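**Q** Have a look; sequence and predicted model below, questions after that.
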Amino acid sequence: MLSRFFLPFSFIISALIYCPLYANEFYIKTGAAHNQTEYDEVDLGVNLNRESGKANSFMLELGYQTRLWQISVSMAPQKGRLDYLGQTQSGIQKSTKSDISRNHYTLRLRRLISSDKLDWYVLGGLASVKVNRDIRSQADVSGLYEVYNFTTFQLGTEFQLPITDKNKLKFDLLFESALDGEMTVEFKNNQFDIGRVELTNFLSAKLGAEFIHEYSRSVNLSLGVGYKQEFIGKSKEASLYRLGRPAGQFYQPKREYKEISLLAAIKYSF
């Protein structure tokens, strides 16, 4: 999925490396985050299920920057075991656990717009988003294994405000929308074949704040907080099959995701 946009960014990297701007440097940034997450699936105003709990994530970013431009590639895997509260088709409440993993791979380009009293940037990018959702079976209820895949477009803005010579605050706002997507579902009781449904209605918004300390000329330390909200719209109906034969219809209900995160990171420039 990422191959479709790796090639254009390789040309941009080459152009930046040879551009006649000062302060050209490569950097690597890594960090870890603790996240409080909540998933809700809603249909016709009824909350079908809720998953909530804590998840931990790791991030790694490699980039190249000049005075005006920055280009980066990053990954941010996240894993957690959440409390699941849902209901059967007959409306009986059931609780179990679900294992969630999220993988976010991003190519991003940032441009400095103004540097008067603060630095103002605009940024855009492309990303591959994959979410694995493993709902555990109970004695009388079969679980599900779902995989969500999206290719997304990102657009955002960033502000950096100096406090002292070595400290600054960074604020950013990022929007994300799907170019294409799908969800596959595996029924653990093997009652149906693996189902697939297209998902194109994906929107995400993230607001972040970060305190950055220049530990040395090449090392920056940072602490940050973030809030993210994600929305997947109700899909169209798709066919279900049993041993290759039609066996009904299914769809993905509207799905909402909220996340509050605390991040610590270190950046090394060379």
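**A** The structure has been received and is ready for your questions.
**Q** ranges for the strands of the stretch 1-150 of the chain?
**A** For the stretch 1-150 of the chain, the strands defined by DSSP state E, counting those that start in this stretch cover 25-43, 46-65, 69-75, 78-87, 93-115, 119-135, 144-162.
**Q** List the pairing partners of the fourth one within its sheet, with orientation.
**A** Right, the one you point to is strand 78-87. Using DSSP bridges, strand 78-87 pairs in its sheet with strand 46-65 (antiparallel), strand 93-115 (antiparallel).
**Q** That strand vs strand 119-135, what angle?
**A** In terms of direction (axes from the mean of the first three to the mean of the last three CA atoms, to 10 degrees), strand 78-87 departs from strand 119-135 by 50 degrees.
**Q** And for the fifth one?
**A** Computed by the same axes, to 10 degrees, the angle separating strand 93-115 from strand 119-135 equals 160 degrees.
**Q** Next: the last one.
**A** When the same axes, to 10 degrees is applied, the directions of strand 144-162 and strand 119-135 differ by 160 degrees.
**Q** Output the contacting helices and strands for strand 144-162.
**A** Here strand 144-162 touches strand 93-115, strand 119-135, strand 167-187, strand 202-214, going by 3 or more CB pairs under 8 Å, 6 or more residues apart in numbering; DSSP states H and E. In this view, the C-beta of every residue, glycine as well, is placed from N, C-alpha and C.
**Q** got CSV for these, with mean pLDDT, mean neighbour count and distance to Tyr39 too?
**A** Shown next, in CSV, are the helices and strands packed on strand 144-162 (pLDDT from 0 to 100; neighbours: other CB atoms under 10 Å; distance: least, CB to CB, whole Å):
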stretch, mean pLDDT, mean neighbour count, distance to Tyr39
strand 93-115, 92, 16, 8
strand 119-135, 95, 18, 8
strand 167-187, 95, 17, 13
strand 202-214, 97, 16, 13
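**Q** what's the closest of those strands to Lys254?
**A** strand 202-214 (11.5 Å; CB to CB).
**Q** ok now the closest one, how far from the chain's centre?
**A** Offset of strand 202-214 from its chain centre (CA atoms, centre = their mean, to the nearest Å): 12 Å.
**Q** Same question for stretch 165-185.
**A** 7 Å.
**Q** Using TSV, please lay out the strands paired with strand 78-87 together with distance to Ser128.
**A** Formatted as TSV, the strands paired with strand 78-87 follow (distance: least, CB to CB, whole Å):
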stretch	distance to Ser128
strand 46-65	15
strand 93-115	5
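**Q** so which of those comes closest to Ile266?
**A** Closest among the strands paired with strand 78-87, once you apply CB to CB, is strand 46-65, at 10.9 Å.
**Q** what comes up buried for the closest one?
**A** Neighbour-count burial for strand 46-65 flags 49-51, 53, 55, 57, 59, 61, 63-65 (criterion: 16 or more other CB atoms under 10 Å).
**Q** got the angle between it and strand 25-43?
**A** Angle of strand 46-65 versus strand 25-43, following the same axes, to 10 degrees, is 170 degrees.
**Q** if you average pLDDT over strand 46-65, what comes out?
**A** For strand 46-65, mean pLDDT rounds to 94.
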